[in-house]
Every structure is written in C-alpha cells, then in structure tokens.
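K.L.:
need the 3D shape of this:
(one chain, ligands or ions: 1)
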Amino acid sequence: MTTYKVEIERKKCTSCGNCVDECPEFFKLDENGISHLKESERTGDNDKLEMADSGCCLDAALGCPVMCIHVYEDGEEIS
Ligand code: SF4
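P.N.:
Model prediction:
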C-alpha cells in the first residue's frame, strides 16, 4: 500500500496562508501565524505527518511560494 508523508519546514514559512486556503483539512496557521500540519509530529522546526492519501496536501505544496511544504510518496519526494 502506498504511504504518503507531508512535511513543513516551518522556519521558511512566510505566513501567506495559501496552504490553509488550498487544504484546510490538514493545514492551519498556529498562534504565531506559522503553518502547522494538524495532528502532526514536530521534529525540530518541522511538522511531519504520515497518511494513506495525500489528498489536498499536494495542492498546498504547489501553492506555497517558498516551497517549504514537501510531499513524499513511498519515501520519494513528489513535491
Ligand atoms: S503556503 Fe507556505 S509560506 Fe504560505 S503559510 Fe503555507 S507553508 Fe507558510
């Protein structure tokens, strides 16, 4: 079964909100206005979440102006 992982490099986030507009199911801005992956694990400055279907996360990644959202399919980066 294919597995997906999504990661946000929160240090690079400019708080534009595009990811929340594209994919509110998974993304929100935290109290400091930085993008946060709902129910994710935080490692250092990055949020990581594994999922069975990347859903709208790919749209969020493509819409990020600083390309700080990464989507992996079976360990390989697809965005
Ligand atoms: S689209 Fe990128 S820069 Fe904009 S809020 Fe989301 S993670 Fe941050």
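
K.L.:
flag every residue of the chain that's near the ligand.
P.N.:
Within the chain, the positions near the ligand by Cβ under 6 Å from any ligand atom are 8, 13-19, 35, 63-66, 68-69. C-beta coordinates here come from the backbone N, C-alpha and C atoms, glycine included.

K.L.:
could you turn the buried ones of those into a ChimeraX selection?
P.N.:
Selecting just the buried residues from the residues of the chain next to the ligand in ChimeraX takes one command, with 16 or more other Cβ atoms under 10 Å as the test:
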select :8,13,18,19,35,63,64,68,69
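
K.L.:
among the residues of the chain next to the ligand, which ones are in strands?
P.N.:
Among the residues of the chain next to the ligand, the members found in strands (DSSP state E) are Ile8, Ser35, Ile69.

K.L.:
what is the nearest of the residues you listed to Leu58?
P.N.:
Closest to Leu58 out of those is Ile69 (9.1 Å), distances taken as Cβ to Cβ.

K.L.:
test my guess that the closest one contacts Cys19.
P.N.:
Yes: contact status for Ile69 versus Cys19: in contact at 6.1 Å, counting by Cβ atoms under 8 Å.

K.L.:
what touches both of the two?
P.N.:
When contacts are counted by Cβ atoms under 8 Å, 6 or more residues apart in numbering, Ile69 and Cys19 have Ile8, Ser35, Ala60, Ala61 as shared neighbours.

K.L.:
which two in those are spaced the farthest apart?
P.N.:
The two members of the shared contacts of Ile69 and Cys19 with the most space between them (Cβ to Cβ) are Ser35 and Ala61, at 11.1 Å.

K.L.:
helices or strands next to the worst-scoring helix or strand of the chain on mean pLDDT in the packing?
P.N.:
The weakest-scoring helix or strand in the chain, judged by mean pLDDT, DSSP states H and E, is strand 41-43 (a mean of 93). Packing partners of strand 41-43 (3 or more Cβ pairs under 8 Å, 6 or more residues apart in numbering; DSSP states H and E): strand 46-51.
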